[in-house]
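1. Curious how this folds, go ahead:
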Amino acid sequence: MLLRRDGYDPLKFFTASHIHPSEQNAKAIAPFYEGISEQVALDSLKGMISVHRLLQASNPVKRWVVLTGMKVVGKYDMLHGLVADPQPNPKCVESGKRLEELYAQALPLAETLILEPTTIHLGSSEQVDAAQQGKMLFPATTLLVKMCLERSAERDKHEDKNKISAEDGQSVSGGHFKW
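-> This is a model prediction of the structure:
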């Protein structure tokens, strides 16, 4: 619904364009997951790109093959929702509207948090010095983050520059689904 609202075709839009498999990104991600090496983090990023390309079925024949394959391996119920529907799902209208409302409500707080980098707001009255908590934002990044908040990821007009080659999308360790 949101992609269509912004003028994009959900069957063709590369929604994983924000994922950039690199050693630098893997090094930043790995510490957040106990027991995960940088190589596993990198393989996971590449795997996300591969899975997205597999499940992005804008062609009706590919869509049929992908969905039939899910049925054959007994994973249709678990995975079919990862393949974009050609038609909007009427069951998602209400939740989509609610998400848009929540997003709109969150923007003022997000802007405040970005523009006041030394303060973290924890509710309406409690404030904690971010420097004491080790969470102080760098002022040089606040403008960039603010700009990113003001436009949705779906509005990225530079989709082509974020394309990852098929070679980059291949994982060294193989598949990432545990069947």
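
2. can I assume Ser17 sits in a strand?
-> No: counting by DSSP: H, G, I helix; E, B strand; the rest coil, Ser17 is not found in a strand; it is coil.

3. List phi and psi for it.
-> Dihedral angles of Ser17 (phi, psi; degrees, to the nearest 10) stand at phi -70, psi -20.

4. Just give me the neighbour total for it.
-> By other CB atoms under 10 Å, 19 other residues sit near Ser17. Heads up, the C-betas are built off the backbone N, CA and C, glycines and all.

5. Can you get me a residue count around Pro21?
-> Pro21 has 20 nearby residues by other CB under 10 Å.

6. wouldn't Leu11 be in contact with Ala84 here?
-> Yes: at 5.2 Å, Leu11 and Ala84 qualify as touching, with contact defined as CB atoms under 8 Å.

7. which neighbours do the two share?
-> Gln56, Ala57 (CB atoms under 8 Å, 6 or more residues apart in numbering).

8. so which strand or helix has Glu100?
-> helix 93-115 (DSSP states H and E).

9. State the mean pLDDT of that helix.
-> Averaging pLDDT along helix 93-115 gives 89.

10. now for it, which elements pack on it?
-> Using 3 or more CB pairs under 8 Å, 6 or more residues apart in numbering; DSSP states H and E as the contact definition, the elements that helix 93-115 packs against are helix 2-5, strand 119-121, helix 139-150.

11. And Glu34, how close does it get to Met70?
-> 31 Å (CB to CB, to the nearest Å).

12. Just want to know which of the two has more residues nearby.
-> Met70 (18 against 6).

13. Next up, the contacts around the more buried one.
-> Met70 sits in contact with Tyr76, Leu79, His80, where contact means CB under 8 Å, 6+ apart.

14. Just to check, the last one is in contact with Leu67?
-> Yes: the pair His80 and Leu67 qualifies as a contact (CB under 8 Å) at a distance of 6.1 Å.
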